[in-house]
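Visitor: got a predicted structure plus its sequence, pasted below:
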Amino acid sequence: MDIGRFWQLFLFVGLMVWLLLVGRALWPALTRKDEMSSIVGLLFLSTVAIGLFYGAGLMWGEHTSLSMVEYWRWWVVHLWVEGFFEVFAVAVISFLFVKLGLVRGATATANVLFATIVFMAGGVLGTFHHLYFAGTTTGVVALGASFSALEVVPLALIGMEAYETWSHSKATPWMARYRWPIMFFIAVSFWNLVGAGLFGFLINTPLALYYMQGLNLTALHGHTALFGVYGMLGIGLMLFCLRGLKPEAMWNETLLRNSFWTFNIGLSLMAALTLLPLGLLQLNAALENGYWFARSAEFMGQPIIDLLVWLRVPGDTIFSVGALLLAWVVMRMWIAPRDKVVVGIAEPVSLK
Ligand code: HEM
Ligand SMILES: [Fe+2]
């Protein structure tokens, strides 16, 4: 949201291209009537919503009142990211599990519909948890507080799903081929619970936000939820597609395992060594001396803050190693690949 208008428009064009590509691939499945119709329909709707809702970020200009800017900005952060992405994530993971034969279509459909209803029921009015202090009325504060509290419900349900996923991942020997995409999907559930659920809920109530809006506790939530959920989801989906693209390629399991763990440990260290302690110190400063002090140069210039900022180095470095390892594994699928060693079936899963 902070990027210049040209780049915003450019990103919007990119999203439209993405929508076109995904829509085109989903179209044959959309026109078919079978037990998967509802999941495919929801997947398609969330894709359309993801493509279009970024447009809310174009609703203001340099002379717009700050209250209006905040209103539309949170359409993007909350409705787009915390809402429709979440529906997309649930739908796409369920869809793949049905295709892998791990879950029955009817069961998955019921789950996805239920999760979507719960997400949207809490999520849409939950947007107000960002608008408590943006010049809105008391009614908005009350509605926002009540409905955003409900947002944690679907995340807890997703946590339970993760356990099921885990047991499925060992269900059949040929599942070994999909072990790493599935591990990344499990990481999605974990960070959904911790990053979005726990750290999101921590800063969720009007009373909490009165003291801690925009402090490092928000960064703690933002980083763990955004990368933890959608970064991991993106990697999982990419690995899944690579399996289909190069079914005969042998993955370097050790490197992938290391990449998976360095991503997760790096993100955890970033949160535990810097963002959480820094956020708590800022919260204490806000409670003792007022909100203004928690963000002042005087407070942020203290040696302890400097130290905490430097403590990002270990976590961020470990995290970067994860990215390099993953890039290496993917590159090796094309450059000097180790082919033809196949665990179980050789057939890639057809998404048609
Ligand atoms: C995967 C899901 C989620 C993602 C990716 C996410 C991401 C983010 C990000 C990036 C921000 C900071 C935006 C900014 O300051 O411009 C934010 C703020 C916030 N999020 Fe989330 N979030 C998620 C779910 C949740 C949930 C479930 C809750 C509460 C139940 C929540 C509550 C909040 C609140 C209250 C803020 C505002 C903090 C402030 O103004 O200081 N989020 N979120
Ligand atoms: Fe939100």
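Guide: Okay, I see it. Values in this document were obtained by computation on a predicted structure and should not be read as measured data. Residues are numbered from 1 along each chain as shown. Ligands and ions are numbered 1, 2, ... in the order given.
Visitor: all contacts plus neighbour counts: C-alpha atoms, from now on.
Guide: OK.
Visitor: so which elements touch the strand or helix carrying residue 12?
Guide: Assigned by DSSP states H and E, residue 12 belongs to helix 5-31. Contact partners of helix 5-31 among helices and strands, from 3 or more CA pairs under 8 Å, 6 or more residues apart in numbering; DSSP states H and E: helix 37-53.
Visitor: report all helices and strands that the helix it packs on contacts.
Guide: helix 5-31, helix 85-99, helix 105-126.
Visitor: just after the least confident helix or strand in the chain by mean pLDDT, pick out the following helix or strand.
Guide: Least confident element among the helices and strands of the chain, by mean pLDDT, DSSP states H and E: helix 152-168 (a mean of 75). Per DSSP H and E, helix 152-168 leads on to helix 179-191 as the next helix or strand towards the C-terminus.
Visitor: do that following helix and ligand 1 come into contact?
Guide: No - Helix 179-191 stays out of contact with ligand 1 when judged by CA under 6 Å from any ligand atom, the minimum separation being 8.0 Å.
Visitor: just want the angle from that helix to helix 85-99.
Guide: Taking axes from the mean of the first three to the mean of the last three CA atoms, to 10 degrees, one finds that helix 179-191 is oriented at 140 degrees with respect to helix 85-99.
Visitor: quick check, the helix or strand following helix 179-191 touching ligand 1?
Guide: As assigned by DSSP H and E, the chain's next helix or strand after helix 179-191 is helix 199-202. Yes - using CA under 6 Å from any ligand atom, helix 199-202 reaches ligand 1 at 200, 201.
Visitor: how about helix 199-202, which residues are buried there?
Guide: Residues of helix 199-202 classed as buried by neighbour count (16 or more other CA atoms under 10 Å): 199, 200, 201.
Visitor: check the closest residue to residue 151 other than its chain neighbours and give its pLDDT.
Guide: Closest residue to residue 151 apart from its sequence neighbours, by CA to CA, 6 or more residues apart in numbering: residue 122 at 5.0 Å. The score at residue 122 is 84. That number is its pLDDT.
Visitor: now residue 122: how far from ligand 1?
Guide: 9 Å (CA to the nearest ligand atom, to the nearest Å).
Visitor: over to residue 249?
Guide: 32 Å.
Visitor: same question, residue 257
Guide: For residue 257, the distance to ligand 1 - CA to the nearest ligand atom - is 24 Å.
Visitor: where does that residue fall, secondary structure wise?
Guide: Here residue 257 is assigned to helix 253-269, by DSSP H and E.
Visitor: what's that helix in contact with?
Guide: Outside helix 253-269, the residues within contact range by CA atoms under 8 Å, 6 or more residues apart in numbering are 180, 184, 187, 224, 228, 312, 314-323, 325-326, 329.
Visitor: try 6 Å this time
Guide: 315, 316, 318, 319, 322, 325, 326 (CA atoms under 6 Å, 6 or more residues apart in numbering).
Visitor: just give me the closest of those to residue 19.
Guide: residue 326 (26.1 Å; CA to CA).
Visitor: what's the pLDDT at that closest one?
Guide: In this prediction residue 326 is given a pLDDT of 97.
Visitor: look up how far ligand 1 lies from it.
Guide: Taking CA to the nearest ligand atom, one finds residue 326 at 22 Å from ligand 1.
Visitor: not counting sequence-adjacent ones, nearest residue to that residue?
Guide: residue 259 (5.9 Å).
Visitor: shaky segments in the chain?
Guide: 169-174, 339-352 (pLDDT under 70).
Visitor: near ligand 1, which residues of it?
Guide: 81-82, 129-130, 148-149, 151-152, 192, 196-197, 200-201, 203-204, 213-214, 218, 222, 225-226, 229.
Visitor: drop anything exposed from the residues you listed.
Guide: Members of the residues of the chain next to ligand 1 classed as buried by 16+ other CA under 10 Å are 81-82, 129-130, 148-149, 151-152, 192, 196-197, 200-201, 203-204, 213, 218, 222, 225-226, 229.
Visitor: hmm, back to that, elements contacting the least confident helix or strand of the chain?
Guide: Helix 152-168 sits against helix 179-191, with contacts defined as 3 or more CA pairs under 6 Å, 6 or more residues apart in numbering; DSSP states H and E.
Visitor: the helix it packs on to helix 152-168, inter-axis angle?
Guide: 150 degrees.
Visitor: next one: the helix or strand just after the helix holding residue 257 to chain centre, how far?
Guide: Beyond helix 253-269 on the C-terminal side, the first helix or strand identified by DSSP H and E is helix 276-289. Offset of helix 276-289 from its chain centre (CA atoms, centre = their mean, to the nearest Å): 27 Å.
Visitor: residues contacting helix 276-289, please?
Guide: By CA under 6 Å, 6+ apart, helix 276-289 touches 212, 216, 217, 294.
Visitor: could you do stretch 154-166 as well?
Guide: Against stretch 154-166 from outside (CA under 6 Å, 6+ apart): 186, 189, 193.
Visitor: so which of these wins on neighbours?
Guide: Highest neighbour count within those, by other CA atoms under 10 Å: residue 189, with 28 neighbours.
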